[in-house]
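# sequence unknown, structure follows:
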């Protein structure tokens with residue numbers, strides 16, 4: 001902290017400033033707790049979605065192998081895709097100004113052209129990869145939520161630590177120094193008054 005002239009008014013001003021800092025620290029600490037709680041909630045939801053996604057993705061890869069074994073890569077590349085109209089549906093709420101979003105695909109299936117050489121393996125592969133895409137949307141939304149919440153939590157935590165570990169201790173030390181200096185000035189003044197009283 002910059003040097004402060006040790007006066008009573010400076011001491012009172014610094015006490016007010018310290019109270020404001022303490023209130024700021026309490027606010028940041030409470031904000032940190034709320035963000036941590038929301039992070040845990042989002043993380044649990046993300047992990048559940050990730051487990052489902054990973055399991056589905058493994059099934060899709062296995063189905064791709066089977067379909068490629070049946071049709072060959074060239075034949076599978078010609079297998080007709082589903083013709084879908086998809087829209088991303090989103091719902092958001094704010095946590096301390098941070099948007100937290102849930103998302104999913106609204107899928108309007110319009111069918112698919114007939115395959116030249118249809119097979120259960122090809123149909124299963126196509127269906128599983130469609131499901132993988134559907135599951136990827138809510139997973140991506142949760143991952144974005146986690147990133148936004150973590151960024152805000154980190155920023156808030158840094159500010160709270162700066163107040164707790166640096167600014168408030170420095171302020172406390174400055175107040176102690178000023179208090180000691182004022183006491184010393186009072187003692188010197190008392191000595192001068194006694195000396196002047198005796199002299200007169």
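Sure thing, it's come through. Note that the structure is a prediction, hence the values are computed from the model and not measured.
# Please make it C-alpha for all contacts and neighbour counts, starting now.
Noted.
# Where does the prediction get shaky in the chain?
For the chain, applying pLDDT under 70 flags the ranges 1-3, 83-85, 107-113, 199-200.
# redo that, cut-off 90
For the chain, the stretches with pLDDT under 90 are 1-12, 71-89, 105-119, 122-123, 126-127, 130, 133-134, 177-200.
# just the helices in the protein please.
Listed in chain order, the helices of the chain (DSSP state H) span 8-77, 120-162, 168-199.
# okay if I get the ones you listed as TSV plus mean neighbour count?
What follows is the helices of the chain, written out as TSV (neighbours: other CA atoms under 10 Å):
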stretch	mean neighbour count
helix 8-77	15
helix 120-162	18
helix 168-199	13
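# Take those helices and write them to a markdown table, including distance to residue 93.
Shown next, in a markdown table, are those (distance: least, CA to CA, whole Å):
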| stretch | distance to residue 93 |
| --- | --- |
| helix 8-77 | 12 |
| helix 120-162 | 11 |
| helix 168-199 | 35 |
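# Tell me which of those sits nearest to residue 97.
Ranking the helices of the chain by proximity to residue 97 (CA to CA) places helix 120-162 first, at 9.9 Å.
# tilt between the closest one and helix 168-199?
Inter-element angle recorded for helix 120-162 and helix 168-199: 10 degrees (by axes from the mean of the first three to the mean of the last three CA atoms, to 10 degrees).
# Off-centre distance for helix 120-162?
Centroid separation for helix 120-162 versus its chain: 13 Å, with CA atoms, centre = their mean, to the nearest Å.
# thinking again about what came up before, which one, of the helices of the chain, ends up nearest to residue 92?
Shortest distance between residue 92 and these, using CA to CA, is found for helix 120-162: 10.3 Å.
# which helices and strands sit right next to the closest one?
helix 8-77, strand 98-109 (3 or more CA pairs under 8 Å, 6 or more residues apart in numbering; DSSP states H and E).
# Try it again at 10 Å.
helix 8-77, strand 84-95, strand 98-109, helix 168-199 (3 or more CA pairs under 10 Å, 6 or more residues apart in numbering; DSSP states H and E).
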